[in-house]
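1. structure for this input, please:
(one chain, ligands or ions: 1)
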Amino acid sequence: MIISSANDYRKAAKRRVPPFMFHYADGGSYAEHTLQRNVSDLSDIALRQRVLKDMSNVNTEIELFGEKLSMPVALAPVGALGMYARRGEVQAAQAAEKKGVPFTLSTVSICPIEEVAPAIKRPLWFQLYVLKDRGFMKNALERAKAAGCSTLVFTVDMPTPGARYRDMHSGMSGPYKEIRRVLQSMIHPFWAWDVGIHGKPHTLGNISKYVGKEIGLDDYIGWLTENFDPSISWKDLEWIREFWDGPMVIKGILDPEDAKDAVRFGADGIVVSNHGGRQLDGVLSSARALPAIADAVKGDIKILADSGIRNGLDVVRMIALGADACMLGRSFVYALGAEGGAGVENMLDIFKKEMRVAMTLTSNEKISNISRDALVDLSKL
Ligand code: FNR
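-> I've put the predicted structure just below:
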C-alpha cells in the first residue's frame with residue numbers, strides 16, 4: 001500500500017491491527033460527534049494564501065520548556081502503545097527522538113518508564129493521571145524524576161472514563177472479550193507475532209511495577225476504573241508540585257476560565273484538548289475552543305493543542321489560532337500500528353513537509369510569524 005499521509009496510515013493500520021486495538025484508537029465516546037468535529041472543524045478553517053514574499057528560509061524549529069524541537073509538535077500520551085507494535089513505546093520514543101520532537105509516556109504504557117527512558121538520549125515527557133491511590137502517583141513521579149523525565153503532563157479530563165461504545169462492540173470491553181481477542185489475534189498473525197500476543201501476556205508496565213504483580217489489559221481497565229478520582233481539584237495539583245520541580249503542563253483544558261486558573265496556579269503550560277473526542281461527547285472541538293483560550297492566556301503560559309490534527313496544515317492552523325505547539329495522538333498511533341517506529345518517523349517527515357508547504361504559501365518563514373493573519377476570516381466574506 002502506498003503511504004502519502006496520516007490518513008493512509010489509518011487505512012494501513014486497519015488492515016494490520018486486530019479490530020479491538022484498531023477501534024480502541026480510532027473510536028471516541030458516545031456518538032463520536034466531538035471526535036468528528038475535531039477533524040472537520042480544523043479542515044474547515046481556510047488558510048490565507050499569500051505569494052511573492054521570498055520564502056527560501058522557511059524554518060519549523062521552536063524552543064519549548066528549554067528544549068529544541070524540530071517542529072512545534074510532540075507525541076501525545078497514548079495508553080497501551082505496546083499493543084500496536086512490539087515495545088511500541090520504545091519504538092515511538094526512538095522515532096520521535098530521531099525526528100527531534102518529544103515523546104510523552106502515558107501512565108498506562110506497556111513498557112515502564114525504566115525501559116523507555118534509557119532507550120533514548122532526549123528526555124522523556126511523562127503523563128500522569130489523577131488516581132485515588134496517591135501512593136501510585138507519588139511513586140510514578142519519583143520514578144519519572146529518577147529516569148530523567150523533563151516535563152510532566154498532568155491529565156485532568158478523566159476524573160471518570162467516558163463511555164466508548166466501539167470498545168464494547170470490538171471486544172476491547174464487554175462480554176466474551178477474551179474469546180474475541182484471541183480469535184482476532186489469530187486472524188492477524190503478523191500483528192500477533194510482532195507484539196508477542198501469544199507469548200508473554202501483555203502487562204501494563206508502570207502499574208505492574210507499582211503493585212508488584214503483572215496487571216494485564218483487563219485488570220488494568222478494572223484497576224483504573226476503580227482508581228480514577230472524581231474528587232480532583234486544584235489543591236491536588238499543589239500536592240503534586242511538591243514532588244515535581246520541572247515544567248508542569250495541564251492537559252485537558254477547554255475553557256478560558258480554567259486556562260486562567262492554570263495561570264494562577266503557576267503551571268508552565270496547558271494542553272487545549274478534549275482527549276481526542278474520547279471523554280465528553282458534545283463538547284467543543286479543540287479548534288473552536290482554542291481562540292478564546294488564547295485571547296485569555298496567550299503569553300502568560302505555553303499553549304499546546306491537540307485533538308483532530310491529521311496533517312501539517314492542521315498544525316499551522318492550530319498555531320494560527322493561538323497554540324505555541326501541538327500534540328499528535330492518533331496520527332502517530334496509526335503509523336506505529338502500520339509500520340512500527342519506521343512508520344512514526346515517516347509520518348513525522350510527512351507532517352514537516354506539509355507544514356513547510358503551508359508556511360511557504362501563507363508567507364510565514366518562522367513559527368513565531370504565524371498568527372490569525374494566516375487564516376481567512378470566513379465570517380467576513
Ligand atoms: C489517548 N489519549 C490519552 N491521553 C492521556 O493523557 N493519557 C493516555 O493514556 C491516553 N491514552 C490514549 C489512548 C488512545 C488510543 C488515544 C487515541 C488517545 C489522548 C491523547 O493524548 C490525545 O489527547 C488525543 O489522542 C488527541 O487527539 P487525536 O490527535 O488523536 O485526534
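2. okay, Leu64 and Val283: tell me how far apart.
-> 26 Å (CB to CB, to the nearest Å). (Each C-beta comes from the backbone N, C-alpha and C, glycine too.)
3. could you do Ser150 as well?
-> 30 Å.
4. next: Ser231.
-> 21 Å.
5. neighbour count winner among these two?
-> Between Ser231 and Val283, Val283 has the larger neighbour count (other CB atoms under 10 Å), namely 20 against 9.
6. dump the residue contacts of that one.
-> 34, 254, 274, 289 (CB atoms under 8 Å, 6 or more residues apart in numbering).
7. go again with 6 Å.
-> By CB atoms under 6 Å, 6 or more residues apart in numbering, the contact set of Val283 is 34, 254, 274.
8. which strand or helix spans Lys68?
-> Assigned by DSSP states H and E, Lys68 belongs to strand 67-69.
9. what comes up buried for that strand?
-> For strand 67-69, the neighbour count (16 or more other CB atoms under 10 Å) marks 67, 69 as buried.
10. what lines up beside that strand in the sheet?
-> strand 62-64 (antiparallel) (DSSP bridges).
11. quick one: is stretch 163-176 near the ligand?
-> No. Judged by CB under 6 Å from any ligand atom, stretch 163-176 and the ligand are separated, with a smallest distance of 10.0 Å.
12. then stretch 247-255?
-> Yes. Among the residues of stretch 247-255, Lys251 lie within reach of the ligand under CB under 6 Å from any ligand atom.
13. now do the buried residues in that stretch.
-> Applying 16+ other CB under 10 Å to stretch 247-255 flags 247-254 as buried.
14. if we can go back for a sec, which ones among the contacts of Val283 lie within helices?
-> Residues of the contacts of Val283 located in helices (DSSP state H): Thr34.
15. now, which of the contacts of Val283 sits nearest Trp125?
-> Checking the contacts of Val283 against Trp125 with CB to CB, the nearest one is Asn274 at 19.8 Å.
16. wait, isn't that closest one in contact with Gly308?
-> No. Contact between Asn274 and Gly308 fails when scored by CB atoms under 6 Å: they sit 9.0 Å apart.
17. what ranges in the chain fall below the confidence cut-off?
-> Within the chain, the stretches with pLDDT under 70 are 200-201.
18. name the residues of it found near the ligand, please.
-> 24-25, 38, 76-79, 106, 108, 127, 155, 251, 273, 275-276, 278, 306-309, 328-331, 333.
19. from those residues, which land in strands?
-> 127, 155, 251, 328 (DSSP state E).
20. show me the contacts for the closest residue to the second one other than its chain neighbours.
-> Nearest residue to Thr155, sequence neighbours excluded (CB to CB, 6 or more residues apart in numbering): Lys251, at 4.6 Å. The contact partners of Lys251, by CB under 6 Å, 6+ apart, come to 153, 155, 271, 273.
21. sec struct for the third one, please.
-> Right, Val271. Three-state assignment for Val271 (DSSP: H, G, I helix; E, B strand; the rest coil): strand.
22. equivalent analysis for the first one, please.
-> With three-state DSSP as the basis, Val153 sits in strand.
23. my guess is it contacts Ile250. True?
-> No. Counting by CB under 6 Å, Ile250 is not a contact partner of Val153; they are 8.2 Å apart.
24. count the neighbours of Asp377 for me.
-> Neighbour tally, Asp377, other CB under 10 Å: 10.
25. could you do Pro291 as well?
-> For Pro291, using other CB under 10 Å, the count is 16.
26. ok, now Gly199?
-> The burial count for Gly199: 9, using other CB under 10 Å.
27. do the same with Arg16
-> Neighbours of Arg16 using other CB under 10 Å come to 19.
28. and for the one 5 residues further on?
-> Applying the criterion other CB under 10 Å, we find 27 residues in the vicinity of Met21.
29. and what of Ala46?
-> With other CB under 10 Å as criterion, Ala46 counts 12.
30. by proximity to the ligand, which residue of the stretch 251-381 of the chain wins?
-> Gly329 (2.0 Å; CB to the nearest ligand atom).
31. now the residue nearest to that residue when sequence neighbours are not counted. Its backbone dihedrals?
-> Of all residues not flanking Gly329 in the chain, Ala76 sits nearest, at 4.3 Å (CB to CB, 6+ apart). Dihedral pair for Ala76: phi -70, psi 160, per degrees, to the nearest 10.
32. can you tell me which residues contact Gly82?
-> Per CB under 6 Å, 6+ apart, neighbours of Gly82: 88-89, 110-111.
33. now distance to Trp193 too, for those residues, in a markdown table please.
-> A markdown table is the format used below for the contacts of Gly82 (distance: CB to CB, whole Å):
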| residue | distance to Trp193 |
| --- | --- |
| Gly88 | 14 |
| Glu89 | 19 |
| Ile110 | 16 |
| Cys111 | 18 |
